[in-house]
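>>> build the 3D model from these lines:
(chains A, B and C)
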Amino acid sequence: MATFEEIGPRIPVVEPIRVDKVHPRAKLGRSIRVIVTVIVTFIMIIPVLVMIMTAFKSRANIVTPPPKVFFKPTLEGFLYLFTDRSLFSPSNLEAARANPGDLNYWQKLALSVGQKINGPSDYVGRLKNSVIIAGTSTLLSVILGLFAAYAFSRFKVAGKDDLLFFILSTRMLPGVVVTIPLFLLYKQLGWNDTHIGMIILYTVFNLSFSVWLLKGFIDEIPVEYEEAALVDGYSRLQAFFKIVLPQAVNGIAATTVFCLIFAWNEYAFALMLTSEKARTAPPSIATMLGSGGLEWSAIAAGSLGFLIPVAIVTFALRDYLLRGVTFGAVRK
Amino acid sequence: MSHVELQHISKNFPGVTALDDVSFDVKDGEFFVLLGPTGAGKTTTLRVIAGLEHQDAGSILFDGEAMDDLTPSDRDVALVFQQYSLYPTMSVFDNLAFPLRSPLRRKSAAEIRKKVEETAEKLRISHLLKRKTAHLSGGEMQRVSIGRAIVRSPRVFLMDEPLSNLDAKLREALRIELQHLQKTQGSTTLFVTHDQIEALTMADRIAVLNEGRIIQVGTPEDIYDRPASSFIAQLVGSPRINLYNARRENEVTSISDSNVLLPAPGGSKLPAEFMLGIRPENVKPDPNGKFTGQLVLAEPLGVETILHIQSGQRTLLSLVPGITSYHLGDVMKFNIAYEHIHYFGLNGDRLQP
Amino acid sequence: MSTIELRQVEKKFGDLHAVKPLDLTIQDGEFIVLLGPSGCGKTTTLRMISGLETVSGGTIWLNGRNVTWLHPSERDIAFVFQFYALYPHLTAWRNIAFPLQAQGESRETVEKRVDEVVKLLQIEHVLKAHPGQLSGGDQQRVALARALVRRPAAFLMDEPLGALDADFRESMRSEIKRLHVLQHATTVYVTHDQIEAMAMGDRIVVMSEAAIQQIGTPAEVYNNPTNLFVARFIGSPGMNLITGRYADGIVQMAGLDNRYAVPQVWQSALRKSMNDGSEIVVGFRPEAAQINDGGKLAGKVYASEMQGSSAVLHLTINENEIIHIRTDRLIPYPIDTLVHFDINPQMVRFFNLKTEAAIKPEVTQ
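Take a look at the predicted model:
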């Protein structure tokens, strides 16, 4: 017999620590829990459902009481959102209707409500601004945060605790309080309504969060890995890229999503510090509420379109996220 | 392989002296064990040699060449950790290849493949090369760690309790393998452990460390047969040595609170009060024995049995071969092998009567 | 005190058997050890006896009373955990007194009974301390005291020494055993450490893969293991096991031309065992081999270990098989030296490789 063989099965049976009297009543309890969960989930999801439905309703369908659950979906809302239109004069309308020949889908849709497309709306540009500003600032906060967190986790930094507290303290003031000083400051710098201004602002704001969160993740990675790499003939930077980074993926993903959500959704600063060139989507959705007759379907479509990118990123990173947000609690 | 020398190494951490004037040398091809309780400074010593910590005073030499200013990667040592040192995001092959792919070494892919495969063969882990390390058992993981150390030929192997997280059977098996590997490769190895049996079984020489100081260096036989202090006598040997306060009156010594009286060796060189250590294998039940006691407990371990014999207020442990059937409560006679008794002063230092 | 009886007790998690149906009778005052590697079902078995885990089938009898479906608190048993489970906010004294106070005992009774166990365990000096201030050993003593103070019908202990370091474990081991010798309380003790099991158990229940492999006294499981698992698991190192083919009184082993002449009493049993075409396994404990220049068997030195009062020589007898020979302390042999040895014919055992079961000698004439 080989003496090298291991004794016992490879995969240990988990021996749970709990009192588990499975009683018939317990089964009933479980089904009740399932039912309650379903109901609560449904209630939570109603606003989202209403938003999605509204985005695809025609103007007439939106205002009919009681709200219609079944209706013929239309892209009118998106038309209102993405295009700048004007009304046909009655005579021109007749002419256009008589000869729709070479109109594309959107033009036809506009025609059906008596309007003509002049060009894309401001919203398109603002969505683009949101992508640029939120994306760049998220990238920056995560990268800078990663290096700062690594240093705080691994090196003896003089005054480490105070520094960490200071970083956190930047998050303690409510954003509204600093908006006015920031506005004045940005005015001096000429940063009002610029991409760079907004990117720096969001980066600074997210950095404290990303340093703290990432430090937690890096603390969890045993330092022995890097030491082994150092001894194996690698420099610290090489060890960081080859060893630490792959293991911090979950944490980086979680941090990315949180930073992105903040930068993407941010409203107050954007409202104050941007007007035209760098205006992001959230304030422009809000302004739609104010301008002229309420285009509910456009607002709903705007909100939906706004929600989708974050939803996609979160969904794509969900595996890492799950492992990320439960860090510390679960260790392999 | 190299000859490693530590000269007067001291290291302080805020509020603690981790190492206090530690000097020893590990000869080329020697299996050298640092033995000591938790917090003795063993791991710090290892880390200072690897260059992961820097000493406050003293010097480290490899083959007479000072290492003090070199980075860990330039010292060319291999380190095996207690746990956690396999990269979880890489396969076993990549883990083994990792040291060879270091920019310091610049080996061709073919060369790396050949080396890794040889090493895997040696450690019987060839079948695991494609696995991710997370899917390995504890023993396999530790074998891969050892593989990563031997895949290149470093100047010295440093091992930090590599067996302590494994279960008993596996530890036994790996202990033998490691020793065989070291002997056949002739590699200079410095092995840190708190487990006396690992130290005795594997070492060519042992250094006993306590509270940052070296308190004895010697072969396993030296440490076991001639412990320099009562601390070492208790640290080494299982079951633990019988250690009692004793007093001497003229030519007779007696263990306090017991009816064991022994002749004092070497006349009156022993002080009036001292400590007396008797290894359990030197307490021998014998129907014609000089001493009597009552059997209060018997622990059959298989190959041998530990008897707890009460004499007065004291309980002596006796180690006898086989599984014996004594009755608890029996009065039994025993002898003590006088020539193997250890004497220590009240401060713990060994006395030479 | 009391007896414990398990009749066809089993535990399933889904389709997986954590414990296959097993029968076990524990006598009044007996110290029973459930021994096995992690995941073998020993802890689950213990937890089923305690009521912390429900059974999937079978019945549990405590002192002739069917307790299978009783709540843990109604079973009159005490449970000692690996991690002590002391209440951190209470002093040691109040921890010990807690179960009595929970039962609503009078103040005098509580004081008197706490006093008794405190004396028994010699922990007078720690009573005012909180668990966090105590060493591992003292914490476990307090935990034991808390179990003892209730005077339960039986003690269940789940690796109570597992968290202590090695040399301390040794002395706590004999302390618990002493306690049992004095009290004679029925005890079921779970461990994965075969040395602990041997040293402490009146009988040992060796478990593996959710089933009992052998029940016996330490001497029985050590000297006469019922199968290869027990032979390997018990002993440090375990039993030497060499595979070979039997014919005409000789076992031909692989590797170095080793031919073992089988003692007469085993021959007919081995012949029968070979009927199914299986190879057989020769088993002997490390102390059963004697190094001897004229020895019939030989191996090459792989490593040698000084173990304090004795030494162990490890020999390779072929590519995969290493055997261990226990000797007196000796000058270490260089690696690859050829060493000859004999096996004490009284101490040799045989197993069927296919069934893994021990072969019984046939006592005829």
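
>>> and the stretch 151-300 of chain C, which of its residues are near chain B?
C:165-167, C:170-171, C:173-174, C:177-178, C:181, C:192-195, C:198-200, C:218-219, C:222-223, C:232-238, C:285-287 (C-beta under 8 Å from any C-beta of the partner chain). Bear in mind the C-beta positions are built from the backbone N, C-alpha and C, glycine included.

>>> mind listing the residues bridging to C:I250?
Beta-bridge partners of C:I250, counted by DSSP bridges, are C:A247, C:A261.

>>> filter the residues of the stretch 151-300 of chain C next to chain B down to the buried ones, ChimeraX style.
Typed into ChimeraX, the next command selects the buried ones out of those (criterion: 16 or more other C-beta atoms under 10 Å in any protein chain shown):
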select /C:167,170,173,174,177,178,192,193,194,195,198,199,200,218,219,222,223,232,233,234,235,236,237,238,285,286,287
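
>>> out of the residues of the stretch 151-300 of chain C next to chain B, which are inside helices?
By the criterion of DSSP state H, membership of those in helices covers C:166-167, C:170-171, C:173-174, C:177-178, C:181, C:194-195, C:198-200, C:218-219, C:222-223, C:232-233.

>>> out of these, who's near chain A?
C:232-233.

>>> is it true that C:F341 touches C:D293?
No: no contact is recorded between C:F341 and C:D293 when judged using C-beta atoms under 8 Å, the distance being 9.6 Å.

>>> show me which of these two is the more surrounded one.
C:F341 (21 against 7; other C-beta atoms under 10 Å in any protein chain shown).

>>> ok, now how distant is the nearest residue to the more buried one once chain neighbours are set aside from C:A289?
Take C:F341 and drop its neighbours on the chain: the residue closest to it by C-beta to C-beta, 6 or more residues apart in numbering or on different chains is C:G295, 4.4 Å away. Distance of C:G295 to C:A289, given as C-beta to C-beta, to the nearest Å: 9 Å.

>>> and for B:F334?
With distances defined as C-beta to C-beta, the gap from B:F334 to C:A289 amounts to 29 Å.

>>> look at these two and report which has more neighbours.
Looking at B:F334 and C:A289 with other C-beta under 10 Å, you find the greater number of neighbours at C:A289, namely 26 against 22.

>>> give me the beta-bridge partners of the more buried one?
Judged by DSSP bridges, the bridge partners of C:A289 are C:I343.

>>> shouldn't it be in contact with C:I325?
Yes: because the distance of 4.4 Å satisfies C-beta under 8 Å, C:A289 is recorded as touching C:I325.

>>> hmm, back to that, joint contacts of C:G295 and C:A289?
Where contact means C-beta atoms under 8 Å, 6 or more residues apart in numbering or on different chains, the residues bridging C:G295 and C:A289 through contact with each are C:341-342.

>>> on the three-state scheme, the residue in the stretch 1-150 of chain C that chain A sits nearest to is what?
Ranking the residues of the stretch 1-150 of chain C by distance to chain A (C-beta to the nearest C-beta) places C:P37 first, at 3.1 Å. For C:P37, the secondary structure call by DSSP: H, G, I helix; E, B strand; the rest coil comes out as coil.

>>> do you know how far C:G64 is from chain B?
The gap separating C:G64 from chain B is 29 Å, by C-beta to the nearest C-beta, to the nearest Å.

>>> number of residues surrounding that residue?
8.

>>> show me what contacts the residue nearest the centre of chain B?
By C-alpha atoms, centre = their mean, the mean C-alpha position of chain B lies nearest to B:A199, the distance being 2.7 Å. Residues near B:A199 by C-beta under 8 Å, 6+ apart: B:33, B:35, B:193, B:206, B:220, B:223, B:236.

>>> what's the neighbour count on the nearest residue to the first one once chain neighbours are set aside?
The shortest distance from B:V33 to any residue other than its chain neighbours is 3.9 Å, reached at B:A203 (C-beta to C-beta, 6+ apart). Number of residues near B:A203 (other C-beta under 10 Å) recorded here: 24.

>>> dihedrals phi and psi, B:A203?
Per-residue torsions, B:A203: phi -80, psi 150 (degrees, to the nearest 10).

>>> just the pLDDT at the residue of the stretch 101-250 of chain A found nearest chain B, thanks.
Nearest residue of the stretch 101-250 of chain A to chain B: A:G233, at 3.2 Å (C-beta to the nearest C-beta). A:G233 carries a pLDDT score of 84 in this model.

>>> repeat that for C:V149.
At C:V149 the predicted local confidence, pLDDT, stands at 87.

>>> what do you get for A:T3?
For A:T3, the model assigns a pLDDT of 35.

>>> where exactly do the helices run in chain C?
Taking DSSP H as the criterion, chain C contains helices spanning C:42-50, C:92-102, C:107-121, C:136-148, C:166-183, C:194-200, C:218-223, C:228-233, C:264-273.

>>> thanks again, I'm all set now.
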